[in-house]
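Undergrad: what shape does this take:
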Amino acid sequence: MLEITPHIHVHEDELVFRFVRASGPGGQNVNKVATAAELRFDVKHNSSLPETVRVRLMRLAANKINSQGQLLIFAQRYRTQERNRADAIERLVMLLRRATEIPKVRKHTRPTRASKRRRLEGKRLLSNKKRLRSRSDEY
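TA: A predicted model of the protein is given here:
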């Protein structure tokens, strides 16, 4: 059982692993042994995640979730199945922890009078600089 937070746990039987051949380091071994780990975690139909966390995770990892609602994590950093499997689990836990964080609500503010003045002053200076660069038929 993976502990995401003290209140959220994910059972390891909810994780589906498939091992495939990896590209990258490994020499001739790369062509013979399936060391890359592909982790599938069903986000859409998962009952151990609270609804708010599930929605945040779907938004956070939108490009890693397929049409069936499964989160796909592909780990091929290491040369052994065990290390790639551990890497995939670690990345899943990090994603889930990020999804549990409640984002701060942005307070809408207005620009101050001084900041408006600085912005307009900068625009005026740039405008003058460009005006002086242009050719003038007045001379």
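Undergrad: just for this structure, where's the confidence low?
TA: 9, 24-31, 136-139 (pLDDT under 70).
Undergrad: one more time with 80
TA: For the chain, the stretches with pLDDT under 80 are 1-15, 20-35, 45-48, 61-62, 79-81, 135-139.
Undergrad: show me where it has its strands.
TA: Along the chain, counting by DSSP state E, strands occupy 2-3, 9-10, 15-20, 36-42, 70-75.
Undergrad: can you list these in JSON lines and add distance to residue 104 and mean neighbour count?
TA: For the C-beta atoms, the positions are set from N, CA and C on the backbone; glycine is no exception. Listed next are these as JSON lines, based on distance: least, CB to CB, whole Å; neighbours: other CB atoms under 10 Å:
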{"stretch": "strand 2-3", "distance to residue 104": "25", "mean neighbour count": "13"}
{"stretch": "strand 9-10", "distance to residue 104": "26", "mean neighbour count": "16"}
{"stretch": "strand 15-20", "distance to residue 104": "31", "mean neighbour count": "14"}
{"stretch": "strand 36-42", "distance to residue 104": "27", "mean neighbour count": "20"}
{"stretch": "strand 70-75", "distance to residue 104": "25", "mean neighbour count": "18"}
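Undergrad: for residue 82, find the nearest of those strands.
TA: Closest approach to residue 82 among those (CB to CB): strand 36-42, 9.1 Å.
Undergrad: adding distance to residue 82, write the strands of the chain out as TSV.
TA: Listed next are the strands of the chain as TSV, based on distance: least, CB to CB, whole Å:
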stretch	distance to residue 82
strand 2-3	16
strand 9-10	19
strand 15-20	11
strand 36-42	9
strand 70-75	11
